[in-house]
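Undergrad: here you go, sequence then predicted model.
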Amino acid sequence: MVREQYTTTTQGTSLQRPDNEYVYKIGIYGWRKRCLYLLVLLLLIILVVNFALTIWVLRVMWFNPEGMGLLKVTKDGLRLEGESEFLFPLYAKEIHSRTDSSLLLHSSQNIVVDARDMNGNVTGRLTVGPKAVQAHGQQFEILSNEGKMLFSANENEVVVGADKLRVTGPEGALFEHSVETPLVKADAFKQLRLESPTRSLSMDAPKGVYIKAQAGNIEATSQMDIVLHTSEGMLVLDSETVRLPRLPQGSRGVPGNSQGLYEVCVCPDGKLYLSVAGEGSTCHEYSAC
C-alpha cells in the first residue's frame, strides 16, 4: 500500500511537492508475501486432510449415536455384539452373554481370570491352559442350580455332596489312605471288589459291618489269614448249609492222640465251638453249650 499525500493550494501561491525520499510504503511485498500465501495454503491443506481423516475414522469405527460399531452404550453398561479382541487386560464387574447365545472365551495361549482384593492382591485365579485347568484359592466349590453343594475342596478335606459318587474307570478307585463312607455299592449286574494287593484290608464300624449280595456270591480271599472278630457280640452265620471243605481230617492212630486236630461242634442255638478230635465225636465231652 502506498500512502498518497494531498496538498491544497490557493490561487497565487505555489508549493513544491516533497521529494520521493519522504514517501513511505506500508505492507508486505516480495518473498514475505509469497511465504505468507504459502503458509495459508499449507494450513488450508492440513485442515482439509484432518477433516477427511476424521470422517474416515468415524466411518471405519462405525460411530453412531448409540456407541461405536458393535459396541453400544446402554443404561446397564456396555453391550458388545459379535467377536472382539482385547490386546490388554480387561477389568469388568460382570460379563455375560445374550440370552440366545453362549459366552465364548478364546485364546491362543492361556485364559486367566483373577480376583483381587482392595489392595490389588490376587485372592483367586482360574487358569485354562492347553494342557491343564488350574484353580488357585482358599476353597473350591461346585454348587447345583438349587444352591446345594456338590463338591468342595480345601487344604484339609475334599467333600462330595452329591447323593451318589460314580467311578466309571476300568481300574476303579484307588485310595492311598483310609476311606469313610456309609455305603459302598456296585452298579447293577456288575461285581463289587475290595482289594489290597500288598497290604491288609480292614473294615471297621462302631455298630457293625453289613455285607450283602442280592444276586450272587460273597468271596473273601487272602494270602494269609481272614479274621472275623467281634469284641462284645457274636458272629452269626445264618444259612441253610455251612461248609468247611478244606478242614484237615485225621487218620487212625494211637488212642488219646488228637494229632493236633479239633472237631467243630454246633449247639442247638447255632453256636459253634471246637472240641479235641478223637476216634469218635467228643462234642458232648467238651460241650460249651
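TA: Received the coordinates, thanks.

Undergrad: against R98, how distant is L104?
TA: Applying C-beta to C-beta, to the nearest Å, the value for L104 to R98 is 12 Å. All C-beta atoms are positioned from the backbone trio N, CA, C, and that covers glycine.

Undergrad: hmm, who's touching stretch 188-208?
TA: Stretch 188-208 is contacted by residues G172, V184, K185, A186, V209, G216, G233 when judged by C-beta atoms under 8 Å, 6 or more residues apart in numbering.

Undergrad: keeping just the C-alphas, turn that stretch into PDB.
TA: Taking C-alpha atoms only, stretch 188-208 is exported to PDB below (Å, rounded to 0.1, in the frame of the first residue of the first chain):
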ATOM      1  CA  ALA A 188     -26.500-103.300  38.600                       C
ATOM      2  CA  PHE A 189     -25.200-106.600  37.100                       C
ATOM      3  CA  LYS A 190     -21.600-105.700  38.000                       C
ATOM      4  CA  GLN A 191     -19.300-107.100  40.600                       C
ATOM      5  CA  LEU A 192     -18.000-105.100  43.700                       C
ATOM      6  CA  ARG A 193     -14.400-105.900  44.500                       C
ATOM      7  CA  LEU A 194     -12.500-104.500  47.500                       C
ATOM      8  CA  GLU A 195      -8.800-105.400  47.100                       C
ATOM      9  CA  SER A 196      -5.500-104.600  48.800                       C
ATOM     10  CA  PRO A 197      -2.700-106.100  46.700                       C
ATOM     11  CA  THR A 198       0.200-105.800  49.100                       C
ATOM     12  CA  ARG A 199      -1.300-104.900  52.500                       C
ATOM     13  CA  SER A 200      -4.200-105.900  54.700                       C
ATOM     14  CA  LEU A 201      -7.800-104.900  54.200                       C
ATOM     15  CA  SER A 202      -9.700-103.700  57.300                       C
ATOM     16  CA  MET A 203     -13.300-102.800  57.700                       C
ATOM     17  CA  ASP A 204     -14.300-101.200  61.000                       C
ATOM     18  CA  ALA A 205     -17.600 -99.800  62.200                       C
ATOM     19  CA  PRO A 206     -18.800 -99.000  65.700                       C
ATOM     20  CA  LYS A 207     -22.200-100.700  65.200                       C
ATOM     21  CA  GLY A 208     -21.300-103.500  62.700                       C
END
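
Undergrad: what distance separates that stretch from the centre of its chain?
TA: Taking C-alpha atoms, centre = their mean, to the nearest Å, one finds stretch 188-208 lying 32 Å from the centre of the chain it belongs to.

Undergrad: please identify the buried residues of it?
TA: Residues of stretch 188-208 include none that count as buried (16 or more other C-beta atoms under 10 Å).

Undergrad: ok, and the most crowded of the contacts of stretch 188-208?
TA: Neighbour counts for these, by other C-beta atoms under 10 Å, peak at G172, which reaches 13 neighbours.

Undergrad: pull the contacting residues for that residue.
TA: R193.

Undergrad: again, only using 7 Å
TA: Contact analysis of G172 by C-beta atoms under 7 Å, 6 or more residues apart in numbering lists nothing.

Undergrad: got the phi and psi for it?
TA: phi 80, psi -150 (degrees, to the nearest 10).

Undergrad: distance of it relative to M234?
TA: 33 Å.

Undergrad: now do the helices in the stretch 51-200 of the chain.
TA: Ranges of helices within the stretch 51-200 of the chain: none, based on DSSP state H, counting those that start in this stretch.

Undergrad: tell me where it has strands.
TA: For the stretch 51-200 of the chain, the strands defined by DSSP state E, counting those that start in this stretch cover 63-64, 67-68, 71-74, 77-80, 111-116, 122-128, 133-136, 140-143, 149-153, 158-160.

Undergrad: Serialize those strands to CSV and add fields for mean neighbour count.
TA: Shown next, in CSV, are the strands of the stretch 51-200 of the chain (neighbours: other C-beta atoms under 10 Å):
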stretch, mean neighbour count
strand 63-64, 11
strand 67-68, 14
strand 71-74, 13
strand 77-80, 12
strand 111-116, 13
strand 122-128, 14
strand 133-136, 11
strand 140-143, 13
strand 149-153, 14
strand 158-160, 11
